[in-house]
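> everything below, folded, please.
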Amino acid sequence: MNKAFFGLVAVGLPLSIIGTIFHWRSTILFIIYCVTIIALASYMGRATESLSIVAGPRIGGLLNATFGNAVELIIAIFALKEGLISVVLASLTGSVLGNLLLVAGLSFFLGGLKFKRQSFNIFDARHNSGLLIFAVIVAFVIPEIFSMSLTEEKTMVFSIGIGIILIILYLAALFFKLVTHRGVYQSQKESVESDEEEVPEWGKWKAITVLGLATLAVAYVSENLVHTFEEVGEAFGWSELFIGVIIVAIVGNAAEHASAIIMAVKNKMDVAVEIAIGSTLQVAMFVAPLLVLISLLFPVSMPLVFTIPELVTMVSAVLLMVVISNDGESNWFEGGILLAAYFIIGIGFYLL
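As a prediction, the model looks like this:
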């Protein structure tokens, strides 16, 4: 399998560069870009697994979420520069839905097929549940409600204020989890695993180097992928909203998607859940507000105001994940529930 991914990278990356230079057909480039990103994501997953063994599941999951979201952040900045506000907001919605329903769903489902009962840190699950409810339901829904009575200028000021508060709280959450309360809420399973010596595939610096280079390559390919969306959308009949919510989100987060699933199949559910939920929190509490602040540098600013379908689906995904994950255990059927919800929402956005 590793040789296959190496072959895809060795072939796909040069073809991506050549195809971009010589302006091949968008539909052909779209397929090449997607396959290349998936292959590069496997290397990011292996590097993250090595780092998680060295640094622990929390930091490993955080690193993967950060590198995965860096790709999406780059794509969003280029879209903001072009004034594609609706596409950026749709991609943020897609990231929340993709991580909570698709990534977690596939992780629970595929991991559950191999292991009848999988467990993860229940304290982290409950801690993350509170943050999810705050970040999505409070920080996203309230701006929409107040924007109905505010002018565009005041709505933007309100969005900036919310963005600053979200970033501060996100940094405080990291400080809480990684510094002041690190190891305080460690589960018995983590304690046993920490006593077992596990040899990482790659050393610390090799893993960091591979992760960094793979992320740069994914960012380059993803940036070019964005330019194919318009023609590909016309060819396949995809709307701008569907492309933002489904396509951009899946491709932009391919690295962490692959990593979470790999970890789940290996029964490392603490890392898998940290990637899925941690990435969602990072999108909602850091990436989204940061994009609001970055948009001030461009002619068209982006308020933190989503459409009603986007809000309803995100709130539904959060509530479903909170109910399913709060017991600290998962199985294939719970994964199936999350996947079913994602497919229902995907059909809705396709028809909208």
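
> all strands of the stretch 1-150 of the chain, in order?
Assigned by DSSP state E, counting those that start in this stretch, the strands in the stretch 1-150 of the chain fall at 118-119.

> looking at the protein, which helix or strand does the model trust least?
Lowest mean confidence among the helices and strands of the chain (mean pLDDT, DSSP states H and E): helix 188-195, at a mean of 51.

> can you give me the buried ones in the helix or strand just after it?
The C-terminal neighbour of helix 188-195 among helices and strands, as given by DSSP states H and E, is helix 204-226. Under the neighbour-count criterion of 16 or more other Cβ atoms under 10 Å, helix 204-226 has 207-208, 210-211, 214-215, 217-226 buried. Placement of C-beta: from N, CA and C, glycine included.

> what's the closest of those to Ile85?
Val226 (14.6 Å; Cβ to Cβ).

> now the closest one: how far from Leu174?
Spatial separation of Val226 from Leu174 under the definition Cβ to Cβ, to the nearest Å is 29 Å.

> equivalent analysis for Leu211, please.
In this structure, Leu211 and Leu174 are 19 Å apart, going by Cβ to Cβ.

> and what of Gly212?
As for Gly212, its distance to Leu174 is 20 Å (criterion: Cβ to Cβ).

> show me where pLDDT drops low in the chain?
Segments of the chain classed as low confidence (criterion: pLDDT under 70) are 1-2, 56-68, 71, 182-198, 252, 254-256.

> compute the inter-axis angle for the longest helix along it and helix 204-226.
Among the elements of the chain assigned as helix by DSSP state H, the one spanning the most residues is helix 26-55. With axes from the mean of the first three to the mean of the last three Cα atoms, to 10 degrees as the criterion, the two stretches helix 26-55 and helix 204-226 enclose an angle of 160 degrees.

> show me the strands in the stretch 201-350 of the chain, by range?
329-330.

> quick one: residues contacting Gly203.
By Cβ atoms under 8 Å, 6 or more residues apart in numbering, the contact set of Gly203 is Ser50.

> and it, its phi and psi?
In terms of degrees, to the nearest 10, the main-chain angles of Gly203 are phi -70, psi 170.

> distance check, Ser301 against Glu82.
From Ser301 across to Glu82, the span is 14 Å (Cβ to Cβ).

> more neighbours: which of those two?
Relative neighbour count places Ser301 above the other of Ser301 and Glu82, with 19 against 12, counting by other Cβ atoms under 10 Å.

> what about the closest residue to that one other than its chain neighbours, neighbour count?
Distances taken as Cβ to Cβ, 6 or more residues apart in numbering place Ser295 nearest to Ser301, at 4.7 Å, with adjacent residues excluded. For Ser295, the tally of surrounding residues (other Cβ under 10 Å) stands at 24.

> check Asp270 too.
Asp270 has 27 neighbours, counted by other Cβ under 10 Å.

> my guess is it meets Phe120, correct?
Yes - shown here, Asp270 and Phe120 form a contact pair, counting by Cβ atoms under 8 Å, at 4.9 Å.

> just to revisit the earlier point, wait, the residue nearest to Ser301 sits on Pro289?
No - counting by Cβ under 8 Å, Pro289 is not a contact partner of Ser295; they are 10.6 Å apart.

> okay, and the common contacts of the two?
What both Ser295 and Pro289 touch, as defined by Cβ under 8 Å, 6+ apart, is an empty set.

> mind listing what's buried along stretch 156-172?
Met156, Phe158, Ser159, Ile160, Ile162, Gly163, Leu166, Ile167, Leu169, Tyr170.

> if we can go back for a sec, for the residue nearest to Ser301, what are its contacts?
Leu80, Ile85, Ser301, Met302.

> residue boundaries of the helices in the stretch 1-150 of the chain?
Applying DSSP state H, counting those that start in this stretch to the stretch 1-150 of the chain gives helices spanning 2-21, 26-55, 57-81, 85-97, 104-114, 122-132, 139-147.

> to Ile250, which of those helices lies closest?
Closest to Ile250 of the helices of the stretch 1-150 of the chain, according to Cβ to Cβ: helix 85-97, at 7.3 Å.

> tell me which residues in the closest one are buried?
Residues of helix 85-97 classed as buried under the neighbour-count rule (16+ other Cβ under 10 Å) are 85-97.

> angle of it against helix 204-226?
Using the same axes, to 10 degrees: helix 85-97 against helix 204-226 is 140 degrees.

> next one: helix 85-97 to chain centre, how far?
For helix 85-97, the gap between its own C-alpha mean and the chain's C-alpha mean amounts to 11 Å (Cα atoms, centre = their mean, to the nearest Å).

> and the residue nearest to Asn224 when sequence neighbours are not counted, how far is that from Val218?
Nearest-residue entry for Asn224: Thr20, 5.1 Å, with adjacent residues in sequence omitted and distances by Cβ to Cβ, 6+ apart. Separation of Thr20 from Val218 (Cβ to Cβ) stands at 15 Å.
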